[in-house]
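*Asks:* Here's my sequence, what's the structure:
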Amino acid sequence: PARCAAAPAAAAAATIIVAMMAGREKKSVATPEPKPAATAAFKRGPLRRGQPSFWLPATDRWGQPAGTSGKDADAAVDPPVVMPLRLRVLAYVTMLVFNLAFIVGPLAGAAVPLLALLGYGKWAAVCGGAVVLSFLMPATEWKITRKVGQLWYQYFDFRHNVAFGAEMGQEELDSKYIIAMHPHGIIPMQAVLWTSFCDQYMHDLYGFGAAASITQYIPFLRNILGWLSAGPADFKTILHGLTKRDKNLFILPGGVAEIFVAAPGSDQITLRVKKKGLLALAFKTGSHLVPTFVFGGNDLLSQLATAGGVLEMVSRKVFRGGLTLFWGRWGTPMPYQCKISMVLADPIPVEKKENPTAEELDALSVAYAEALNGLYEQYKHDAGYGDRTLKIIYI
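*Replies:* Alright, predicted model coming up:
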């Protein structure tokens, strides 16, 4: 119950500290960070480290050390990230807060009636108050939270494959994109990395995310996801975001099924062949599909549940969200310190059609799977996972 009460305060405090730290670093330098003036194009290059930009003393618009933008950036040395101790500590705090939200949130909601039934009325009131506070707190976009993932770059030795020197033209910027990322992982920490990466390098593409609809009713978790621009993953909401709000979509299409095939040492993902809702959405809105793979996405945590087990059945049939017991480093919610590389494929153009044929959906599904396979094979050795094979489970 005490943890239930502390969670919203911890989440808010961690985010406020990020802003304070950023401001503190900027005051100590003579040259402030320039505001990005353009968005990097979907041009694949060699893997390079993501460099935190909101606290470094001299960075150019790509978040790279000053003087390494454009063509020079591709030839520049890829330096390791070295953060001050206080920011490394803050990275640990924010990782723990994010993962604990997936534990404390569900427990808080269940604890209120349980504590009341057991006669712990005072603790039930405390926990209930925390739950009410969560629903009173804003769950809408809070831009400073986009910086949080930059704190994690050093811990995960985060790398990406976006080449610098190429910028998006107006025609590309006017197009709509669906960033479809695999694997989902047990807890999608890579989604936080994406928000920071996109905001830093491809900021004009920043749109909205889609999460399991049940998360909108989980205390504390709903706030954190809302701050990161994530809403329910139902067709109507996503369609409204792509058309009426004119935003790009970020989604983890593997969903619940991909949670339960996630395990350290294995690169398994799921693709839907019976229900092609995401592909139909791409046709309906004329949005280009961008297959994305995260090396290390399944290595962040371990879990008790397995594919085909009771927990998966209950999760999919009852909760429509993942229900599992997970742990990481030292048996805590802290993720294992694995290497994370986020690689984006070339966008797959999709012609706008209200009612695509089954053949057109099948062809797009094949192109999507081939793009993921090609992406995986191209980068797995450089990412440090050369001994693995991508396994696609069709459901």
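
*Asks:* all helices for this protein, in order.
*Replies:* Applying DSSP state H to the chain gives helices spanning 2-27, 71-75, 85-117, 121-136, 153-156, 170-174, 189-201, 221-227, 235-243, 255-259, 277-285, 310-314, 358-379.

*Asks:* what angle separates the longest one from helix 189-201?
*Replies:* Just to be clear, that refers to helix 85-117. Between the axes of helix 85-117 and helix 189-201, defined by axes from the mean of the first three to the mean of the last three Cα atoms, to 10 degrees, the angle is 140 degrees.

*Asks:* helices or strands next to the longest strand anywhere in the chain in the packing?
*Replies:* Counting residues, the longest strand in the chain under DSSP state E turns out to be strand 288-295. Helices and strands touching strand 288-295, as assessed by 3 or more Cβ pairs under 8 Å, 6 or more residues apart in numbering; DSSP states H and E, comprise strand 177-182, helix 277-285, strand 341-344, helix 358-379. Where C-beta positions appear, they are placed from N, C-alpha and C, glycine not excepted.

*Asks:* Please compute how far the first one lies from its chain's middle.
*Replies:* Between the centre of strand 177-182 and the centre of its chain there are 10 Å (Cα atoms, centre = their mean, to the nearest Å).

*Asks:* which residues sit against it?
*Replies:* Contacts made with strand 177-182 from outside it, assessed by Cβ atoms under 8 Å, 6 or more residues apart in numbering, are listed as 190-191, 194, 198, 205, 207, 242, 248-254, 258, 269, 278, 281-282, 287-294, 297, 342, 344, 347, 368, 372.

*Asks:* could you redo the last one with a cut-off of 6 Å?
*Replies:* Around strand 177-182, the neighbours that count as contacts under Cβ atoms under 6 Å, 6 or more residues apart in numbering are 248-254, 269, 282, 287-293.

*Asks:* what about residue 114, neighbour count?
*Replies:* Look at residue 114: counted by other Cβ atoms under 10 Å, it has 12 neighbours.

*Asks:* for residue 132, that is, sorry about that
*Replies:* For residue 132, the number of neighbouring residues by other Cβ under 10 Å comes to 12.

*Asks:* State the distance from it to residue 118.
*Replies:* To residue 118, residue 132 is 20 Å away according to Cβ to Cβ, to the nearest Å.

*Asks:* ditto for residue 323
*Replies:* With the distance defined as Cβ to Cβ, residue 323 ends up 23 Å from residue 118.

*Asks:* the more surrounded of these two?
*Replies:* Shown here are residue 323 and residue 118; by other Cβ under 10 Å, residue 323 has more neighbours (19 against 10).

*Asks:* Tell me how far that one lies from residue 303.
*Replies:* According to Cβ to Cβ, residue 323 stands 11 Å off from residue 303.

*Asks:* correct me, but residue 161 touches residue 43?
*Replies:* No - with the criterion set as Cβ atoms under 6 Å, residue 161 and residue 43 do not qualify as a contacting pair; they are 9.2 Å apart.

*Asks:* Of those two, which one has the most company?
*Replies:* When residue 161 is set against residue 43 and neighbours are counted by other Cβ under 10 Å, the residue ahead is residue 161, at 22 against 15.

*Asks:* For the nearest residue to that one once chain neighbours are set aside, list each beta-bridge partner.
*Replies:* The spatially closest residue to residue 161, leaving aside those adjacent along the chain, is residue 343, at 4.4 Å (Cβ to Cβ, 6 or more residues apart in numbering). Bridge pairing for residue 343 (DSSP bridges) gives the partners residue 293.

*Asks:* List of residues touching stretch 43-50?
*Replies:* Counting by Cβ under 6 Å, 6+ apart, 78, 153, 158, 159, 160, 161, 163, 166, 341, 382 sit against stretch 43-50.

*Asks:* Columns mean neighbour count and mean pLDDT on top of the helices and strands packed on strand 288-295, output as a markdown table?
*Replies:* Putting the helices and strands packed on strand 288-295 into a markdown table (neighbours: other Cβ atoms under 10 Å; pLDDT from 0 to 100) gives the following:
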| stretch | mean neighbour count | mean pLDDT |
| --- | --- | --- |
| strand 177-182 | 24 | 96 |
| helix 277-285 | 20 | 94 |
| strand 341-344 | 24 | 96 |
| helix 358-379 | 16 | 96 |
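
*Asks:* low-scoring pLDDT stretches of this structure, where are they?
*Replies:* Under the criterion of pLDDT under 70, the regions of the chain flagged as low confidence span 1-38, 54-77, 165-166, 305-322.

*Asks:* Tell me who's in contact with the residue lying farthest from the centre of it.
*Replies:* Of all residues in the chain, residue 119 sits farthest from the chain's C-alpha centroid, using Cα atoms, centre = their mean; the distance is 40.4 Å. Residue 119 sits next to no residue when contact means Cβ under 6 Å, 6+ apart.

*Asks:* that older thread, list the buried residues in the longest strand of the chain.
*Replies:* Buried positions in strand 288-295, judged by neighbour count with 16 or more other Cβ atoms under 10 Å: 288, 289, 290, 291, 292, 293, 294, 295.
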